[in-house]
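> generate a structure from the sequence data that follows.
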Amino acid sequence: RPSRAVVLHASGLHVTAAAVGPAAGSGEARPARVLQHRPREQLALLPDRPLRAGHNYTLRLRFSARLADSFRGFYRSTYRTRGGERRVLAATQFEPTAARMAFPCFDEPAFKATFTIRIRREPKHLALSNMPIVKSVNLSPWLVEDHFDTTVKMSTYLVAFIVSDFQSISKITSHGVKVSVYTVPDKINQAHYALDAAVKLLDFYEDYFSIPYPLPKQDLAAIPDFQSGAMENWGLTTYRESALLYDPEKSSASSKLSITMIIAHELAHQWFGNLVTMEWWNDLWLNEGFAKFMEFLSVTVTHPELKVEDYFLTRCFDAMAVDALNSSHPISTPVENPAQILEMFDDVSYDKGSCILNMLRDYLTADVFKAGLVQYLQKYSYQNTKNEDLWNSMTNAKMTKTFFFSFQICPVVGTDKNEVHGDGFCRRSQQSSSTAHWTQAETPDVKAMMDTWTLQKGFPLVTVTVRGKNVYLQQERYVKGVDSASSAGYLWHIPLTYITSKSDTVQRFLMTTKADVIILPEEVEWVKFNVDMNGYYIVHYEGDGWDQLIKLLKENHTAISSSDRANLINNVFQLVSIKKLSISKAFDLTLYLKHEREIMPVLQGMHELIPIYRLMERRDVDGTEKQLQEYIIHLFKDLIDRQSWSDEGSVSERLLRHSLLLFACVHRYRPCVDRATGLFTEWQKSNGTLSLPADTKPAVYAVGAQTSAGWDFLLSRYQLHAFSAERQVIEAALSRSGSQGKLQWLMDQALRGDIIKTQDLPYLIVFVGRNPSGYQLAWTFVKENWEKIIEKFELGSNSVAAIVTGVTARYSTRSQLAQVKEFFGSLDEKSAGLRCVQQAMETIEDNIHWMDRNLEEVKMWLQNNHL
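Numbering: from 1, shown residues only. Predicted coordinates:
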């Protein structure tokens, strides 16, 4: 239609001239008036005559801006060379709404376009962008202009460019794509692991999706200053240095695991997000939930030695912790302004998104799920989608496969039931594969089912009551701290799975009503629902159901898989929180952990028990917290004593060692502290040249940092180039100091950004906030520096949310709640209304009620068990 104005996005840009002319170049461009609406980050061009319907026009704008001092838009980053010289580079981070800080544009994901970029730079620098350089023109002896090839059709938030003195290493994939890793020159020797991983993963995705990667190259660049973990810019993915660089001599097993997963995530986005993009940010989970899910699917095949399938359920527990609060939100939620959009980048979009996709895959089978994904990607390439487009593709894939609902949890080949096939990841160890039918809804409606998981917040609690052969089922919303009336009207279509004492074949039942009943072929001693935690729901066993499962764990815990054991540990404590079970019952279940050897149940046991100890530690409750600490050490003592202080073993053995030794030393288990003290003293005497096993460093450094001299020595090593791969480990150790002066200095330095990078400030504030000597300091620091924090990290960002929820997570008194309410109540509406503020207040209230209800009972249980 005719128009008198064109409205684009622009933020912080100084527009000096604008003209509108015919697109084909016939006729001259005429000047246009420019209006800026800064609060809306919009720019209006008003031509001197109306734009006519059905005509194409070209807009020409001249503008300038400063490189940003934050971590978004086109921003400045610095690093120091091995010799101490400070160098500057410029990089971009546009997602979700910061392309408008670099150039005027239609900065919304549905406005896809092609981009042709030219960059002028000094000869000592190199420029990178989404596409390869077509030609470079020397404009003068000190100025070069690089011309980049035109991009494919894509959203503005995926545009990227970097001007730096980076060096690179490269390889070609089997499909002919050039993959390069770029980093500051002194760290190029740490780029090899990432390069090999990226080549393997890009090949995997091309084969899995049956869609060629459409660009000639894929660069991975490690940026010295970077707010999030990484960013999926098409053809030029960017990373925090710690998320990409791996030093075989100094990096830990957990570092290798996280780097592999992050690269897998960003490369999955090249299809999910870049090729096919959500229409609007309300469906961000179509990007992030998928990339998070594909991490596991891909790495299981490309790096089987990492055993990533073991860690999937932890992600679902983390999502549930947030999703159990009333302040949670549906996966698909309306958002309008930049702060609301940023808030969507949370555990619900990422982790819950991946968990419900895993549940859907388990329900549809791997083959049907894969066929649906491929159909979705092929149909909507270079387009934008909504939730229902995915469900329709899944339903179509289901209809086109003639198929009898036969399901295998693990493909069985010969006698090895743990073998992973094709795209699969297999979790079950000793149970036989299942060929059971889904016993309801023989032609399931994927959209009807998945709408219950994406359009309402929270998740179901399924209550199971066994009477004879009958298993009575009931579902309700699991929610903390809210009366049940507000949860009425919630209903999910739940793909239930279960095994029993008589059969380890996985049975399946689709529950679509509030209550239902399953009739078993024979009576059983116990039944375990949500096999391997493939479903996103919690289970309560009424009657003697829990007693039977506790008895099973006590007598023969390996009768069920380690994932099932971790699942039971999680569920029993979640049921205490909503008064369905007593804390004594939960503690009864934990007694079996003395005999547990597998990583997931051990970590889950620690994850449930240590926060209870931390709450009590803050309250200073007549020695009960000391008894609880002794009990936790008693549970894991045998396992701790068995750990070698080395880097030997599989990745999961190394990760377990890292967690156990750190736990033991921080909680003052004497043999651990003595060993760590000895190693730290030797290391200090060698002036840091002694090579310590990477997996023991968190424990050794944490103990060393307890003395003033040890802390100072660690800080001196932190500033050396040789220790760049260990900076995060050293930061964590420094933040465990008992000296308030040292803790305050750490936060002040991170805000200043010279010795400690400001990108690490959110972590450091949270680390200090967890320290009994530092939690008041951290809270005061947040209050006094709130404006600086949101200026640097942006309102609504994950970084700000991590600070708010992290510092207050262990508050459990009414006066602490009042302080938090008072501070956020004094801020403007945008800050006070943040979802993380609501989450923090709900969590404190939940902690208060938990302590009121359970403290005395924990004290009695510990006394009765003579521990």
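> now do the contacts for P141.
P123 (CB atoms under 8 Å, 6 or more residues apart in numbering). (C-beta placed from N, C-alpha, C; glycine too.)
> how close does it get to R87?
Distance of P141 to R87, computed by CB to CB, to the nearest Å: 21 Å.
> L817 belongs to a helix?
Yes. Counting by DSSP: H, G, I helix; E, B strand; the rest coil, L817 is located in a helix.
> thought it was touching D846?
No. Shown here, L817 and D846 do not form a contact pair, counting by CB atoms under 8 Å, at 10.6 Å.
> give the buried residues for the lengthiest helix in the chain.
Scanning the chain for the longest helix, with DSSP state H as the assignment, gives helix 835-864. Across helix 835-864, burial judged by 16 or more other CB atoms under 10 Å covers 835-848, 850-851, 854-855, 858-859, 861-862.
> same question for stretch 750-757.
Buried residues in stretch 750-757, defined by neighbour count with 16+ other CB under 10 Å: A750, L751, G753, I756, K757.
> as a markdown table, those residues with distance to A291 would be great.
Formatted as a markdown table, these follow (distance: CB to CB, whole Å):
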| residue | distance to A291 |
| --- | --- |
| A750 | 29 |
| L751 | 31 |
| G753 | 30 |
| I756 | 30 |
| K757 | 26 |
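> closest one to P96 out of those residues, please.
Nearest to P96 among the buried residues of stretch 750-757, counting by CB to CB, is K757 at 23.1 Å.
> need phi/psi at that closest one.
For K757, the backbone dihedrals are phi -60, psi 140 (criterion: degrees, to the nearest 10).
> so it makes contact with Q227?
No. Judged on CB under 8 Å, K757 makes no contact with Q227 at a distance of 10.6 Å.
> burial count for the closest residue to S487 other than its chain neighbours?
Excluding the flanking residues, the one nearest S487 by CB to CB, 6 or more residues apart in numbering is R477, at 3.9 Å. R477: 20 surrounding residues under other CB atoms under 10 Å.
> strands of the stretch 401-550 of the chain, residue ranges please.
Taking DSSP state E, counting those that start in this stretch as the test, the strands found in the stretch 401-550 of the chain are 459-467, 470-478, 494-500, 503-511, 515-519, 527-529, 538-541.
> adding distance to G774 and mean pLDDT, write these out as JSON lines.
Formatted as JSON lines, the strands of the stretch 401-550 of the chain follow (distance: least, CB to CB, whole Å; pLDDT from 0 to 100):
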{"stretch": "strand 459-467", "distance to G774": "34", "mean pLDDT": "98"}
{"stretch": "strand 470-478", "distance to G774": "33", "mean pLDDT": "97"}
{"stretch": "strand 494-500", "distance to G774": "43", "mean pLDDT": "98"}
{"stretch": "strand 503-511", "distance to G774": "47", "mean pLDDT": "95"}
{"stretch": "strand 515-519", "distance to G774": "49", "mean pLDDT": "97"}
{"stretch": "strand 527-529", "distance to G774": "42", "mean pLDDT": "98"}
{"stretch": "strand 538-541", "distance to G774": "34", "mean pLDDT": "98"}
